[in-house]
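In: When you get a sec, could you give me coordinates for this:
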Amino acid sequence: MKKNLSILLAGVMTCMLFTACGNENTENASDNAAEVSSAAETETDSSAAAADSEVSQITIDFDNLKTEALTDVNTSDFVTPGEYKGITIEAALKEVTDEDVEAYIQDLLSSNPLMNEVTDRAVQDGDTVNIDYVGKYADTQEAFDGGTATGANLVIGSNTYIDGFESGLVGATKGETRDLNLTFPENYGSTDLAGKDVVFTVTVNSIQVASTDMTDEWAASLGYEDVSNIEELKAYVVGKLSEDAKEDYEAIVENTAVQTVVDNATFTDAPQELINRYILQQNQMIEYRASMFSYMYGQQVTPSDLINVYMQNEGFVGTADDYLNSIAKDMANQYLLFQTIADEQGITVSEEDIDEYLKNAYESASNTAFSSYEEYKASLDLEVYREGLMAEKVVKYIVDNANVVEAAAEDAAGEASSVAAE
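Out: Next comes the predicted model:
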């Protein structure tokens, strides 16, 4: 199993940065206790499939893992770099066609249609309704946390809310208030609501239907800068797709460069204590993802559940512990390689580099649990960021010195699809 360092690194550093964020995201995610997002269907189905089969549990004793940092080892003892300066990479910049532009605009029309208000009939399947609601326990009539909303938009038939909520509004008219007697699923993520009988008192504020007309009014309603009609929208889309194609091209070049340099290197067994360091980082990231999934989608997911999904998707054979160790071993090898290249080329990361990165992260956080930047910085393992920034500099050095040649168009399309999937 091969993982690009740029992908592994992004996950670890992003996860670590969330220590600077407060509870804003989780609070927003729990505003609607009645809401179950359909965006989670793919991963939920995969999680359910994993649950139906024998789930391999994580058994690693993280509290007692002995670790060491990259700075504690002589990296060249464990890796011999092959060719990394002047490597040849094949990539092609995808051409944006008229068909691409038309497809993008059609997707925009489907996902962001102009809404027309309906006043001469009741709610039907497919309508978008704006509603106020209050949810209460059926037995005590006490309002429950997250069960109240004002001005919420809901597409009837989207299966966004619990069973019976949307169908219970079919036939309601504008201004009408209905009591919906419902029951939360037994496996609902919140134990306070799982299996409970509730009553939602819902008022329909408005009824709207999506227009399928591609008009100048619709183009202007999208809110894009300098877009007031269809022609200007097409120009905007050409620019957007061209920028996306450029980013895909750069990602292909970088990922191919990383994999080529890794394939050219010769590795011996990395120190287990260094591998353990990356096991801890990966576990932290997976724990974060599991907790956010549970908050956002109302379905309890454990780190072991997620790892089993990843194992299934990648065709990995082994236990959850084996999977974590495999990822961490890849990370250890890649960091060892890049540190060795950095040493050979005199590439360093200064305290100023780390401070600049962390200050940008801290200042851009919408909410923070720390009273000052200094307190935030003191809570972090700065070696994570030194390693990450060092790896970024090394990858840039490799790419800047690479010989990039034009790939065949069909190869470029396949590479772009691979990048998008990652």
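In: Regarding this protein, what is its longest helix?
Out: helix 230-264 (DSSP state H).
In: Give the buried residues for it.
Out: For helix 230-264, burial by neighbour count (16 or more other CB atoms under 10 Å) applies to 230, 232-234, 236-237, 241, 244-245, 248-249, 251-258, 260-262. Just so you know, the C-beta spots here come from the backbone N, C-alpha and C atoms, and that holds for glycine as well.
In: Name the SS class of G147, please.
Out: For G147, the assignment made with DSSP: H, G, I helix; E, B strand; the rest coil gives strand.
In: Name the nearest residue to it, sequence neighbours excluded.
Out: With sequence-adjacent residues excluded and distances taken as CB to CB, 6 or more residues apart in numbering, G147 is closest to G135, at 2.7 Å.
In: Same question for D72.
Out: Nearest in space to D72, with sequence neighbours left out and distances taken as CB to CB, 6+ apart, is L274 at 7.7 Å.
In: That neighbour: what's it in contact with?
Out: L274 makes contact with 67-70, 72-73, 332, 336 under the criterion CB atoms under 8 Å, 6 or more residues apart in numbering.
In: In ChimeraX, how would I select the buried members of those residues?
Out: Buried members of the contacts of L274, defined by 16+ other CB under 10 Å, are picked up in ChimeraX with:
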select :67,70,73,332,336
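In: roughly how far apart are the residue lying farthest from the centre of the chain and E247?
Out: Residue farthest from the centre of the chain, counting by CA atoms, centre = their mean, is D120 at 41.9 Å. Distance, D120 to E247, by CB to CB, to the nearest Å: 47 Å.
In: Specify the local secondary structure of the residue nearest to D72.
Out: Under three-state DSSP, L274 comes out as helix.
In: Starting from D61, give me the distance back to it.
Out: According to CB to CB, L274 stands 18 Å off from D61.
In: so who does the spatially most central residue of the chain touch?
Out: Most central in the chain under CA atoms, centre = their mean is R289, positioned 8.7 Å from the mean C-alpha point. The contact partners of R289, by CB under 8 Å, 6+ apart, come to L306.
In: Compute the distance from the centre of stretch 174-193 to the centre of its chain.
Out: 28 Å (CA atoms, centre = their mean, to the nearest Å).
In: who's in contact with that stretch?
Out: Contact with stretch 174-193 is made by 33, 118-119, 138, 144-146, 162-165, 168-169, 172, 194-207, 294, 297-300, as judged by CB under 8 Å, 6+ apart.
In: quick one: average confidence on stretch 363-376?
Out: The pLDDT scores in stretch 363-376 average 85.
In: how about the helices in the chain?
Out: Under DSSP H, the chain gives helices at 5-17, 24-29, 41-52, 98-111, 216-221, 230-264, 272-297, 303-314, 320-345, 351-364, 373-378, 382-400, 409-421.
In: which stretch in these is the model least sure about?
Out: helix 24-29 (a mean of 37).
In: From the contacts of L274, pick the one nearest D127.
Out: Closest approach between those and D127, by CB to CB: A332, at 54.8 Å.
In: contacting residues for the closest one?
Out: Going by CB under 8 Å, 6+ apart, A332 touches 270-271, 274-275, 277-278.
In: cutoff 10 Å now
Out: Each residue near A332 by CB atoms under 10 Å, 6 or more residues apart in numbering is listed here: 70, 73, 78-79, 267, 269-279.
In: Enumerate every residue touching the nearest residue to S242 once chain neighbours are set aside.
Out: Closest residue to S242 apart from its sequence neighbours, by CB to CB, 6+ apart: V96 at 5.4 Å. Contacts for V96 were tallied using CB under 10 Å, 6+ apart; they are 104, 237-245.
In: ok, so of these, who is nearest E54?
Out: For the contacts of V96, the nearest to E54 is D244 (41.0 Å; CB to CB).
In: ok, that closest one touching L93?
Out: No - D244 lies out of contact with L93 (CB atoms under 10 Å); the separation is 11.1 Å.
In: need the contacts of L274 in CSV with distance to D216, can you?
Out: CSV is the format used below for the contacts of L274 (distance: CB to CB, whole Å):
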residue, distance to D216
T67, 61
E68, 63
A69, 59
L70, 57
D72, 64
V73, 63
A332, 57
L336, 58
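In: sorry, back to before: okay, among the contacts of A332, which ones form the most distant pair?
Out: For the contacts of A332, the farthest-apart pair by CB to CB is V79 and I279; their separation is 19.2 Å.
In: hang on, the earlier thing: what sits against the residue farthest from the centre of the chain?
Out: With contacts defined as CB under 10 Å, 6+ apart, D120 is in contact with 173-174, 207.
In: again, only using 8 Å
Out: D120 makes no contacts at all, as judged by CB under 8 Å, 6+ apart.
In: Look up phi and psi at it.
Out: Phi and psi for D120, reported as degrees, to the nearest 10, are phi -110, psi 10.
In: With V170 as the reference, measure out to it.
Out: To V170, D120 is 16 Å away according to CB to CB.
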